[in-house]
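**Q** Need a 3D model of the sequence below.
(one chain, ligands or ions: 1)
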Amino acid sequence: MAAHTGELTEQAAAVRIEGLVRSFGDRRVLDDLELRIAPGEFVALLGRSGSGKSTLLRALAGLDHGVSGAGMLEAPRNASVVFQDARLLPWKRLLENVTLGLPGPDAAERGRAALAEVGLEGRERAWPIELSGGEQQRVSLARSLVREPELLLADEPFGALDALTRLRMHGLLRQLCERHRPAVLLVTHDVDEAIALADRVAVLDEGRITADVPVEVPRTGGGPEQAALRARLLTELGVDVEVPA
Ligand SMILES: Nc1ncnc2c1ncn2[C@@H]1O[C@H](COP(=O)(O)OP(=O)(O)OP(=O)(O)O)[C@@H](O)[C@H]1O
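**A** Below you'll find the model as predicted:
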């Protein structure tokens with residue numbers, strides 16, 4: 001398998017996966033999977049618990065060397081990952097957390113700008129422990145985006161936040177993505193989150209993408225088109241819902 005060559009043979013794709021297989025023991029979690037993401041495109045990945053979403057994300061992040069198959073997995077080398085927990089270093093101040101490993105004499109300046117972008121201007125010298133969960137996730141986003149990744153991989157990044165904070169983070173993430181234009185793969189359990197954020201929603205089931213639906217409806221407001229898309233995605237996830245007329 002041509003894993004993580006870092007070379008994109010096709011200009012139009014930031015991520016190109018064909019024939020991806022990942023087995024644990026004799027169980028095929030990813031089975032001949034195909035997925036493409038265009039540069040700047042925001043794709044949400046839905047799937048039942050245990051369907052392999054995190055496994056796919058880890059493969060894309062280059063964190064899994066056990067993938068196989070006759071196909072290919074092409075992804076930009078400068079992918080950045082945001083997890084459910086912010087994973088900040090508690091013994092480093094916020095600015096250092098954001099700029100750690102960032103090359104160049106302007107690293108601190110870029111770090112400050114990134115913190116300002118996520119609404120944490122003036123908090124550069126704070127310690128992670130002084131921050132709420134939502135604020136810590138803001139730092140985690142700043143740490144990712146300051147590296148200007150071509151691909152942002154997010155694994156349930158708002159899963160641990162309260163509903164109100166989650167909504168605020170949705171607005172922030174959309175804003176940041178519109179400004180920086182990375183390709184995004186967002187793993188989520190939340191159909192409404194997928195519709196609120198993504199250009200396309202892919203459903204993972206039995207190791208494959210079983211539905212791949214563009215979001216061409218109003219994202220919020222609960223109108224009939226949004227309700228129909230919601231019902232369709234829930235049905236794809238095996239949840240019985242009445243499809244609105
Ligand atoms: N390192 C591992 N060793 C053995 N089995 C694993 C390993 N990693 C994942 N699995 C199995 O692969 C399957 C898919 O796991 P994965 O974490 O990718 O699912 P998921 O869709 O992200 O689930 P959730 O939504 O609950 O987080 C699960 O059955 C899991 O037990």
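
**Q** Pull out the buried residues from the biggest helix by length in the chain.
**A** Ranked by residue count under DSSP state H, the longest helix found in the chain is helix 163-180. Within helix 163-180, the residues that qualify as buried by neighbour count (16 or more other Cβ atoms under 10 Å) are 165, 166, 167, 169, 170, 172, 173, 176, 177, 180. (Each C-beta comes from the backbone N, C-alpha and C, glycine too.)

**Q** Double-check the second one against residue 196; I have them as touching.
**A** No. Proximity of residue 166 to residue 196 does not meet the contact threshold set by Cβ atoms under 8 Å, at 9.7 Å.

**Q** Dump the helix or strand hosting residue 139 to CSV, restricted to CA.
**A** Under DSSP states H and E, the secondary-structure element containing residue 139 is helix 133-145. In CSV, the C-alpha atoms belonging to helix 133-145 read as follows (Å, rounded to 0.1, in the frame of the first residue of the first chain):
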residue,chain,number,x,y,z
GLY,A,133,-12.8,22.9,28.7
GLY,A,134,-14.1,25.0,25.8
GLU,A,135,-11.2,27.4,26.1
GLN,A,136,-8.7,24.5,26.1
GLN,A,137,-10.3,23.3,22.9
ARG,A,138,-9.8,26.8,21.5
VAL,A,139,-6.1,26.5,22.2
SER,A,140,-6.0,23.1,20.6
LEU,A,141,-7.6,24.6,17.4
ALA,A,142,-5.0,27.5,17.5
ARG,A,143,-2.2,25.0,17.9
SER,A,144,-3.4,23.1,14.8
LEU,A,145,-4.2,26.1,12.6
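
**Q** Other residues contacting that helix?
**A** 80-83, 86-88, 94, 97-98, 100, 111, 114-115, 117-120, 123, 128, 131, 152, 157-158, 160-162, 165, 168-169, 172-173, 176, 180, 182 (Cβ atoms under 8 Å, 6 or more residues apart in numbering).
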